[in-house]
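Chemist: Using only what follows, build the 3D model:
(one chain, ligands or ions: 2)
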Amino acid sequence: MQNRAIQNTLFIGGGNMAYAILGGLVRSGLPASSFHVIDPSPESAAKMAEMNLRCTVDWPEDFKPDVVVLAVKPQMMQSVLNQQAGHLKQVLLISIAAGVSVAQIQLWSAQSDARVVRCMPNTPALVAQGISGLYFTANCNDADHTTSHQIFNSCGEVVVVNTEDEINAVTAISGSGPGYVFFLMEALAQAAQNLGFSEAQANLLVNQTFLGAATLAKQSDDSFATLREKVTSKGGTTFAGLEQLRALGVSSAIQGAAQAAFDRAVELQKNAG
Ligand SMILES: NC(=O)C1=CN([C@@H]2O[C@H](COP(=O)(O)OP(=O)(O)OC[C@H]3O[C@@H](n4cnc5c(N)ncnc54)[C@H](OP(=O)(O)O)[C@@H]3O)[C@@H](O)[C@H]2O)C=CC1
Ligand SMILES: O=C(O)[C@@H]1CCC=N1
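Modeler: Ligands and ions are numbered 1, 2, ... in the order given. Next up is the predicted model:
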């Protein structure tokens, strides 16, 4: 059973990530009238209209939200919170911005006791296959926990972290993670085309390989390493391919990518302050 707050939620920022979360929420069966989006861009308004969601440039005087999701770029957060501070008293503030701290949100919204949740979702939320990290400030009440879980469970799975720094780590792994995965998919699809497949065939081969491997890994008790070994016949083709990945340092490169994303989240947090 949904509580009332989730059906009274305003998003500030209606870009890619807001669209994905709202897509998950609407597909979960919540009425479009539960939500309102503020975004100055006509493209965002058009995309929201596809889901029958109201999107305005200014604060809607006829919509009094219980929850406000802060979904603008980190660099915009200070000016947005300064501008909207008068509307944000008593509401639950859920920020999805990378590298913007609870202290900054409380300072910029002029509410030192604001109930703030830092959330790090990812774009597969759009197809209810997201994963979101949630960090709750101590002054969030039980209803805030329930509401936040309901919002992000409607878009996939939820992991609660106990320290704010862990949200930067979630950002580096699953927040940015789909970007790394799509990068790998692009590379494998290019390899398929190099071997003579059409673009459509290449995309089908790659899509189903990633989907199948991820589904198998999720449903299996085997570790990722064991699953990899089960594909790799002695002296066979996978072995030859993996040798090349090892020789080129792909594992270190991926760990380096996650570290760079983490460092950038920390840097954004420092610069924003
Ligand atoms: N994309 C992702 O995969 C993820 C993103 N995030 C976080 O989500 C947040 C949004 O990212 P993303 O959706 O990718 O970014 P987008 O640029 O797609 O969306 C931001 C939107 O906010 C709009 N905007 C700008 N100024 C204002 C304003 N004053 N009031 C209301 N809206 C405004 C922008 O309009 P305009 O374009 O006209 O400036 C744009 O439509 C970021 O903080 C990011 O860290 C978190 C997890 C994953
Ligand atoms: O790239 C970014 O900064 C955002 C945060 C995680 C995914 N996209």
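Chemist: Please enumerate the helices of the stretch 151-273 of the chain.
Modeler: Counting by DSSP state H, counting those that start in this stretch, the stretch 151-273 of the chain has helices at residues 165-170, 177-194, 199-219, 224-231, 237-247, 250-272.
Chemist: residues from the stretch 151-273 of the chain in reach of ligand 1?
Modeler: Residues of the stretch 151-273 of the chain lying close to ligand 1 (C-beta under 6 Å from any ligand atom) are Gly175. For the C-beta atoms, the positions are set from N, CA and C on the backbone; glycine is no exception.
Chemist: Which part of the stretch 151-273 of the chain gets nearest to ligand 1, residue-wise?
Modeler: Nearest residue of the stretch 151-273 of the chain to ligand 1, counting by C-beta to the nearest ligand atom: Gly175, 4.4 Å away.
Chemist: Quick check: that residue touching Asn122?
Modeler: Yes. At 5.5 Å, Gly175 and Asn122 qualify as touching, with contact defined as C-beta atoms under 8 Å.
Chemist: hang on, the earlier thing: make CSV from the helices of the stretch 151-273 of the chain and add mean neighbour count and distance to Ile105 to it.
Modeler: CSV is the format used below for the helices of the stretch 151-273 of the chain (neighbours: other C-beta atoms under 10 Å; distance: least, C-beta to C-beta, whole Å):
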stretch, mean neighbour count, distance to Ile105
helix 165-170, 21, 12
helix 177-194, 14, 24
helix 199-219, 13, 33
helix 224-231, 12, 36
helix 237-247, 11, 41
helix 250-272, 14, 10
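Chemist: among these, where is the model least confident on average?
Modeler: If these are sorted by mean pLDDT, helix 250-272 sits at the bottom with a mean of 93.
Chemist: and that helix with ligand 2, contact?
Modeler: No. Using C-beta under 6 Å from any ligand atom, helix 250-272 stays clear of ligand 2, coming no nearer than 7.2 Å.
Chemist: relative to helix 177-194, how tilted is that helix?
Modeler: 140 degrees (axes from the mean of the first three to the mean of the last three C-alpha atoms, to 10 degrees).
Chemist: Determine the longest strand present in the chain.
Modeler: Counting by DSSP state E, the longest strand found in the chain is strand 130-136.
Chemist: Pull the residues that contact that strand.
Modeler: Residues outside strand 130-136 that contact it (C-beta atoms under 8 Å, 6 or more residues apart in numbering): 20-21, 24, 102, 117-125, 144-145, 148-149, 152, 155-164, 166-167, 170-171, 174-175.
Chemist: need the contact list for the residue of the chain found nearest ligand 1.
Modeler: Nearest residue of the chain to ligand 1, counting by C-beta to the nearest ligand atom: Gly15, 1.7 Å away. Contacts for Gly15 were tallied using C-beta under 8 Å, 6+ apart; they are Asp39, Ser41, Ser44, Ala71, Val72, Lys73.
Chemist: ok, now which ones touch the first one?
Modeler: The reference is to Asp39. Contacts of Asp39 by C-beta under 8 Å, 6+ apart are Phe11, Ile12, Gly13, Gly14, Gly15, Ala18, Ala45, Met48, Cys55, Val57.
Chemist: Then the last one?
Modeler: If a contact means C-beta under 8 Å, 6+ apart, then Lys73 has Gly13, Gly15, Ala97 as its contacts.
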